[in-house]
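Novice: build me a model from this:
(one chain, ligands or ions: 1)
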Amino acid sequence: MSEQHAPHGADSEVGRLRTVMLHRPGPELKRLTPRNNDKLLFDAIPWVARAQEEHDAFAAELRSRDVEVLYLTELLTETLADDAAREHAIGEALRGLDLGDTMRGYLEGLLGDASPAELTTYLTAGIRNDEVRGGFGLVTSLLAYDDFLIDPLPNLLFTRDSSVWVRDRVAITSLAMPARKRETELTELIYSRHPRFAGTPRMHGAHLEHVEGGDVLLLAPGVIAVGVGERTTPAGAERLARQCFADGLAHTVLAVPIAQERATMHLDTICTLVDVDKMVVYPNVADSLVAHTVTRTDDVADDGTAVLHVAAPEPFLVAAAKAMGIDTLRQIDTGLDPVTAEREQWDDGNNTLALAPRVAVAYERNDETNARLEDAGIEVVRIAGSELGSGRGGPRCMSCPVSREPLTTT
Ligand SMILES: NC(=O)NCCC[C@H](N)C(=O)O
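Specialist: Next up, the predicted model:
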């Protein structure tokens, strides 16, 4: 395995992006139907071939700017070349109580005989009842033809959410929605067993309180904002803060309450950094967004844990600037009327992926937001997202930065 890659880790949102993990949309999207798309967290049935074209163009833009693109499924297939990893993955996929002994036995055989690449497909696209040839077991007979024996993972596309790097450490997250829970079985497997990540310190984990990567913004080295809403719980934010303080990854965590609605499912649907001191913020909520500044004290509670200091809420941008040690965190004034702002926020206009300070990838469709970003001196790398966007995620959601240059050197 080549070691010729940038050191893993990230300490900001905007340090030059060196390595990113993406997931190219695949057969898991073909599982979506008008009857299951809500449960599977898609707003429409994507045209898969076009989604792949759009995604390939996204990846090409990144590569053209010297970003190494890792694909989740390639890492997974390489990981599954190891027998112990395979066994673990198969055990987890068949752990549920819905299968019954006959079906589980059949699937153990099917998955056990699969090549690493085939196993990756089974684990990501799932297995539907009409695809098994398991004889006339009771379970297969009673389930509908389109019931899943192994659930598909169409939201793998949004690699942002199932893991997040904080400095040299990777947090395996704990996803809140049932349709996404299995995703972290795969990221955990990759980070714990793929040779490229050998020795990488990990934190958090799927068994802990809910935290999703889309809620975690690395505002500056040592300063992390965590959205608390539909996906990340207050307890999840506290757990993440405690781990970051204990491991010296952060001195300040800003807990930012966000509305528990689909349109604002993660903090990064509302705001993203596009420079060391500039943020694009959804104007309809900009004035009401607040943060509780959380820091560690030297006091120790009776149970041995550090006592955290939780400040009264302050306007988010004010609290953020203080924690970042800058005079002002400038909100890029998109100047949009509330209706245009709402339309473009829904289409992930605020969900940008910074490639470096003042360079950000954005969906091309959000004309007005993009124009205002350019007025503010940001280079906007436009990508198509008509099909990709049907899962309600933009360029930031679709990318997990594995390596960014430390901010101090950019
Ligand atoms: N960070 C993000 O906002 N990710 C987008 C996730 C979209 C996905 N369909 C979901 O509902 O979880």
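
Novice: helix/strand/coil for residue 184?
Specialist: Taken by DSSP: H, G, I helix; E, B strand; the rest coil, the conformation at residue 184 corresponds to helix.

Novice: per-residue confidence for it?
Specialist: According to the predicted model, the pLDDT of residue 184 comes to 98.

Novice: what's the local residue count around it?
Specialist: The local packing count at residue 184 equals 22, with neighbours defined by other Cβ atoms under 10 Å. (Glycine included, C-beta is placed from N, CA and C.)

Novice: for residue 37, same thing?
Specialist: For residue 37, using other Cβ under 10 Å, the count is 18.

Novice: which of the helices or strands spans the nearest residue to it once chain neighbours are set aside?
Specialist: Beyond its immediate neighbours in the sequence, the residue positioned closest to residue 37 (Cβ to Cβ, 6 or more residues apart in numbering) is residue 45, lying 6.2 Å away. With elements delineated by DSSP states H and E, residue 45 resides in a region that no helix or strand encompasses.

Novice: check contacts around residue 45.
Specialist: Under the criterion of Cβ atoms under 8 Å, 6 or more residues apart in numbering, the contact partners of residue 45 comprise 32-34, 37, 390.

Novice: adding pLDDT, write these out as TSV.
Specialist: As requested, those are exported to TSV (pLDDT from 0 to 100):
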residue	pLDDT
32	98
33	97
34	97
37	97
390	95
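
Novice: so which of those is the closest to residue 93?
Specialist: Distances from residue 93 to the contacts of residue 45, taken as Cβ to Cβ, are shortest for residue 32 (19.8 Å).

Novice: relative to the ligand, how far out is residue 198?
Specialist: 28 Å (Cβ to the nearest ligand atom, to the nearest Å).

Novice: any idea how far that residue is from residue 94?
Specialist: Distance, residue 198 to residue 94, by Cβ to Cβ, to the nearest Å: 27 Å.

Novice: one more: residue 251?
Specialist: Residue 251 is 43 Å from residue 94, by Cβ to Cβ.

Novice: now do residue 22
Specialist: Between residue 22 and residue 94 the computed distance is 28 Å (Cβ to Cβ).

Novice: tell me the pLDDT of residue 2.
Specialist: In the predicted model, residue 2 carries a pLDDT score of 50.

Novice: ok, residue 86 - how many residues close by?
Specialist: The local packing of residue 86 (other Cβ under 10 Å) involves 19 other residues.

Novice: so how far is residue 121 from it?
Specialist: In this structure, residue 86 and residue 121 are 14 Å apart, going by Cβ to Cβ.

Novice: related to what we said a few turns ago, who has more neighbours, residue 251 and residue 94?
Specialist: Legend: neighbour count by other Cβ under 10 Å for residue 251 and residue 94, higher for residue 94 (17 against 14).

Novice: contacts only, for that one.
Specialist: When contacts are counted by Cβ under 8 Å, 6+ apart, residue 94 touches 104, 107-108, 111, 150.

Novice: quick check: the farthest pair among these?
Specialist: Checking these with Cβ to Cβ, the most distant pair is 108 and 150, at 11.8 Å.

Novice: can you tell me the closest non-neighbouring residue to the residue in the stretch 151-300 of the chain that the ligand sits nearest to?
Specialist: Nearest residue of the stretch 151-300 of the chain to the ligand, counting by Cβ to the nearest ligand atom: residue 214, 2.3 Å away. Residue nearest to residue 214 in three dimensions, not counting chain neighbours: residue 266, with 3.0 Å by Cβ to Cβ, 6+ apart.

Novice: tell me the pLDDT of that neighbour.
Specialist: 97.

Novice: could you do the one 10 residues further on as well?
Specialist: Taken from the predicted model, the pLDDT recorded for residue 276 is 98.

Novice: so where's the stretch 301-410 of the chain uncertain?
Specialist: Counting by pLDDT under 70, the stretch 301-410 of the chain contains low-confidence residues at 408-410.

Novice: ends of stretch 215-223, how far apart?
Specialist: Stretch 215-223 has an end-to-end distance of 14 Å (Cα to Cα, to the nearest Å).

Novice: list the buried residues of it.
Specialist: Within stretch 215-223, the residues that qualify as buried are 215-223, counting by 16 or more other Cβ atoms under 10 Å.
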